[in-house]
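> just a sequence and a predicted model for now, questions to come.
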Amino acid sequence: MLKLSQNVTFESFIRDSFKDGTYHRELRLTDSEVENVKKIFPNASMKAIAETESLDKKWYEVNLKNPHM
C-alpha cells in the first residue's frame, strides 16, 4: 500500500502521463499502483501485457479513451 505522500506523487505522475490528449500508455506498475490507477480513472481499461524481470512490477496497457480494449 502506498503512503499518503507516495500516493500524491503517484497520482501526479499518472495524471501527467495522460495530459495533452494522451489516452493510451504502456506503464510498468505494481499491484497497488494498478489499484490506484483504477481509483483515479475508474473507466480506464487495463491489460497486463508482459511479465518483467522484476517480481513486483508488470507492464500494462492503460487506455482511457476506449474502455473496451
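Okay, I see it.
> what's whichever strand or helix holds residue 36 packed up against?
In this structure, residue 36 sits in helix 31-40 according to DSSP states H and E. Applying 3 or more Cβ pairs under 8 Å, 6 or more residues apart in numbering; DSSP states H and E, one finds that helix 31-40 contacts helix 4-17, strand 45-50. Just so you know, the C-beta spots here come from the backbone N, C-alpha and C atoms, and that holds for glycine as well.
> and that helix, which residues are buried?
Of all the residues in helix 31-40, those buried under the rule 16 or more other Cβ atoms under 10 Å are 33, 34, 36, 37.
> just list the residues touching the second one, thanks.
So the one you mean is residue 34. By Cβ atoms under 8 Å, 6 or more residues apart in numbering, the contact set of residue 34 is 46, 60.
> 6 Å instead, please
Under the criterion of Cβ atoms under 6 Å, 6 or more residues apart in numbering, residue 34 has no neighbours.
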